[in-house]
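Peer 1: Compute the structure for the input listed below.
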Amino acid sequence: MPYPMVHFAIALELCSRTPSSSFLIGSIAPDAVYVSGNVTKSEKGITHFVCEDRFPSSEKHKERCQYYLNYNVDTNWTEYILGYFAHSGLL
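Peer 2: Numbers count the residues shown, from 1 in each chain. The predicted structure follows:
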C-alpha cells in the first residue's frame, strides 16, 4: 500500500486545479481501513470495491462512482467521492 503522500501526489496529477481538502481526504479514505489494525485482504477489498479477488472493470467503477455522485449534490460530497474513486486510478 502506498503512503498517503503518494495518493496525494496522484490526486494532484489528476486535478486540473488545486484539489480541495474533500478530494484529498477521499483519495486516502479507502485505506482508512488500516486504522483498525490487522486487516485482511478481504477487508481491504471491500473499501477498494474488489469482488472475488478482482477489481471492477473501468466501466463498472465509473458506474459506481456515478451512483455515489447522484446520492448527494453537495460540493464537498462530490469532491470526496471523486477523490475516493480516483484512489484506484481508474478515473
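
Peer 1: And the pLDDT at P56?
Peer 2: P56 is assigned a predicted lDDT (pLDDT) of 78.

Peer 1: Need the three-state assignment for it.
Peer 2: coil (DSSP: H, G, I helix; E, B strand; the rest coil).

Peer 1: residues contacting the closest residue to it other than its chain neighbours?
Peer 2: With Cβ to Cβ, 6 or more residues apart in numbering as the criterion, P56 has its nearest non-adjacent residue at 5.3 Å, and that residue is F49. (C-beta placed from N, C-alpha, C; glycine too.) F49 is in contact with 55-56, 61, 64, 88, counting by Cβ atoms under 8 Å, 6 or more residues apart in numbering.

Peer 1: Between all of those, which two are separated the most?
Peer 2: Of all pairs drawn from the contacts of F49, the greatest distance, 11.6 Å, lies between F55 and R64 (Cβ to Cβ).

Peer 1: I'd like to check which residues are in contact with the residue lying farthest from the centre of the chain.
Peer 2: What lies farthest from the middle of the chain is N38; by Cα atoms, centre = their mean that is 20.7 Å. N38 sits next to no residue when contact means Cβ under 8 Å, 6+ apart.

Peer 1: Help me confirm that it is found in a helix?
Peer 2: No: according to three-state DSSP, N38 belongs to no helix; its state is coil.

Peer 1: Make 721 the starting number, not 1.
Peer 2: Got it, first residue is 721 now, which makes that one N758.

Peer 1: Below-threshold pLDDT in this protein: ranges please.
Peer 2: Applying pLDDT under 70 to the chain flags residues 721-725, 727-728, 809-811.

Peer 1: Give me the helices and strands touching the helix or strand containing G765, please.
Peer 2: Per DSSP states H and E, G765 falls inside helix 761-767. Packing partners of helix 761-767 (3 or more Cβ pairs under 8 Å, 6 or more residues apart in numbering; DSSP states H and E): none among the helices and strands.

Peer 1: hmm, who's touching it?
Peer 2: So helix 761-767 is in contact with 749-754, 770-771, 773, going by Cβ under 8 Å, 6+ apart.
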